[in-house]
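> sequence-free structure coming up:
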Ligand code: GAL
């Protein structure tokens, strides 16, 4: 038998002591019990009711992975797989069924139980407040377009800090706030399926105001050892070439999709060229006096970074149609780089170095703020075909995907980036919005008929990485 030191020396990539190994998920994607426990409806429950055909195989959010009933078993499995941390989100419409009123005691009990169970298992809970799931009542008032919803969110956040802040020390205001803007107000893949750039800008802006106001409350409450941040999908924009027109195209894509949230969250202000561009085209949002001050004063302690794929762009080949809706794509075209490596099961490019480029950018331009990889992972369609007789999915592609990304994270650490952990998307297969269960992402397979959990090959591999703190 080898001693610990011997095995340790064999590690090629060793991570700093206390590195966070774990995974991330969200309420709507795993809880199920959509109409149980006093939960109110959110936009996903409602949209599915209205248009079930827009969801892969017609599968909606009612049951998903049934975490609401199985959380004990799942948390035990997380522990078995070496997790020391886990991010989940609170469902706003479960905690406050009408979005505005009183906290639902059954929901408080549920989240208390989840948090306590995690702590007993030695897993630190990372709690996110908003993951694409607007309560229906508030959406009916206009969702993030309505300033009253900003206030409702701040109240919701306050209730969460009050109820759970004694035990939860890592808080996040939003997950990928650009996605509800894109999905709900530009590209028609989230409810309310609006295509309107002006409304999109307002939604994005109010999300930032809500975020900063929640941080202000958090600071006032002075939660002991508590940190608050935001989770952003920082998709790097790579220009096709160094031609100034390509570089400019990439810069504008970066402004719209990354820096519209990254700069206010970390630096407390919007990039001046983003403001100038919106102004030039007449799309500045409606704001209130004092907003910019609140944003300025309430920046994050910690940044979560989600990374799946790069965004390659080039200068536009044709002038935009002036009669068509105004879109970010007025300023760039997407570029399919010849020979790019693809995850053919999902149609996304795999570019491992992207994770390093993001981290170096954070080090060099964002004060090397404390950060962690809050999502990274590989979706695969039809994964069932890789199951063996015992039901174990042999997902060697996922192991390779994680390993190759981790190598770049490791290099960033060596170069001084303040990156504290790596959370995989995701622990167990979950319901991926309109894709439902089409693409599987988990370390653990979920049988959709029985709900049975079976650890995949990647789950065992990830466990060894977490336990040895490297590979
Ligand atoms: C992310 C999102 C998750 C999950 C993941 C995989 O953008 O935060 O909710 O769906 O993509 O598709």
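Yep, it's here. This is a predicted model, so every value here is computed, not measured.
> what comes up buried for the host helix or strand of residue 47?
Using DSSP states H and E, residue 47 sits within helix 43-50. By 16 or more other Cβ atoms under 10 Å, the buried positions in helix 43-50 come out as 43-48. In short, each C-beta sits where N, CA and C put it, glycine included.
> so what does that helix touch, helix or strand wise?
Contacts defined by 3 or more Cβ pairs under 8 Å, 6 or more residues apart in numbering; DSSP states H and E place helix 43-50 against helix 136-140.
> try it again with 10 Å
Helix 43-50 sits against helix 27-30, helix 92-95, helix 136-140, with contacts defined as 3 or more Cβ pairs under 10 Å, 6 or more residues apart in numbering; DSSP states H and E.
> of all those, which one is nearest residue 122?
When these are compared by Cβ to Cβ, helix 27-30 sits nearest residue 122, at 20.8 Å.
> now that closest one, how far from the centre of its chain.
Relative to the centre of its chain, helix 27-30 is centred 12 Å away, using Cα atoms, centre = their mean, to the nearest Å.
> what's the distance between the residue most central in space within the chain and the ligand?
Centroid-nearest residue in the chain, with Cα atoms, centre = their mean: residue 175, separated by 4.2 Å. From residue 175 across to the ligand, the span is 5 Å (Cβ to the nearest ligand atom, to the nearest Å).
> around the ligand, pick out the residues from this protein.
When proximity is defined as Cβ under 6 Å from any ligand atom, the chain approaches the ligand at 26, 175-176, 233, 306, 375, 379, 425, 432-433, 441.
> please repeat the previous calculation with a cut-off of 5 Å.
Contact residues (Cβ under 5 Å from any ligand atom) of the chain with the ligand: 176, 432.
> any idea which helix or strand comes after the lowest-mean-pLDDT helix or strand in the chain?
One helix or strand of the chain scores below all others by mean pLDDT, DSSP states H and E: helix 4-10, with a mean of 57. Note on helix 4-10: by DSSP H and E, the next helix or strand toward the C-terminus is strand 20-24.
> just checking, what packs against that next one?
Judged by 3+ Cβ pairs under 10 Å, 6+ apart, the packing partners of strand 20-24 are strand 85-89, strand 124-128, strand 170-175, strand 371-375, strand 419-424, helix 457-468.
> between the ones you listed, which gets nearest to residue 164?
Minimum separation from residue 164 across the helices and strands packed on strand 20-24 (Cβ to Cβ) falls at strand 124-128, 6.7 Å.
> pick out the residue of the stretch 101-250 of the chain closest to the ligand.
residue 176 (4.8 Å; Cβ to the nearest ligand atom).
> phi and psi next, for the closest residue to that residue other than its chain neighbours.
In space, and not counting its chain neighbours, residue 176 is closest to residue 233: 4.5 Å by Cβ to Cβ, 6 or more residues apart in numbering. Torsion angles at residue 233 (phi, psi; degrees, to the nearest 10) stand at phi -90, psi 100.
> can you pull the contacts of residue 233?
By Cβ atoms under 10 Å, 6 or more residues apart in numbering, the contact set of residue 233 is 175-179, 257-258, 261, 304-309, 374-375.
> mind checking which of these land in helices?
Under the assignment DSSP state H, the contacts of residue 233 contribute 178-179, 261 to helices.
> tabulate those (JSON lines), appending neighbour count.
JSON lines is the format used below for the ones in helices among the contacts of residue 233 (neighbours: other Cβ atoms under 10 Å):
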{"residue": "178", "neighbour count": "22"}
{"residue": "179", "neighbour count": "19"}
{"residue": "261", "neighbour count": "24"}
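> for the residue of the stretch 351-471 of the chain found nearest the ligand, which non-adjacent residue is spatially closest?
Going by Cβ to the nearest ligand atom, the ligand is nearest to residue 432 of the stretch 351-471 of the chain, at 4.5 Å. Distances taken as Cβ to Cβ, 6+ apart place residue 439 nearest to residue 432, at 6.0 Å, with adjacent residues excluded.
> contacts only, for that neighbour.
Taking Cβ under 10 Å, 6+ apart, we find residue 439 in contact with 56, 343, 345-348, 377-383, 429, 432.
> ranking those residues by neighbours, who comes first?
Within these, most neighbours by other Cβ atoms under 10 Å means residue 429, with 26 neighbours.
> quick one, longest helix in this structure?
Longest helix in the chain, counting residues (DSSP H): helix 197-221.
> need the pLDDT of residue 159.
Per-residue pLDDT puts residue 159 at 98.
> ok, now which ones touch it?
Here residue 159 is in contact with 90, 92, 95-96, 102-103, 108 (criterion: Cβ under 10 Å, 6+ apart).
> if you rank the contacts of residue 233 by neighbours, which is first?
That'd be residue 374 among the contacts of residue 233, by other Cβ under 10 Å, with 31 neighbours.
> excluding chain neighbours, what is closest to it?
Residue 374's closest residue in space is residue 304 (Cβ to Cβ, 6+ apart), at 3.1 Å.
> ok, what's across the strand from the one you found?
For residue 304, the beta-bridge partners under DSSP bridges are residue 231, residue 372.
> check the gap between it and the ligand for me.
In terms of Cβ to the nearest ligand atom, residue 304 sits 10 Å off from the ligand.
> I appreciate the help and will end here.
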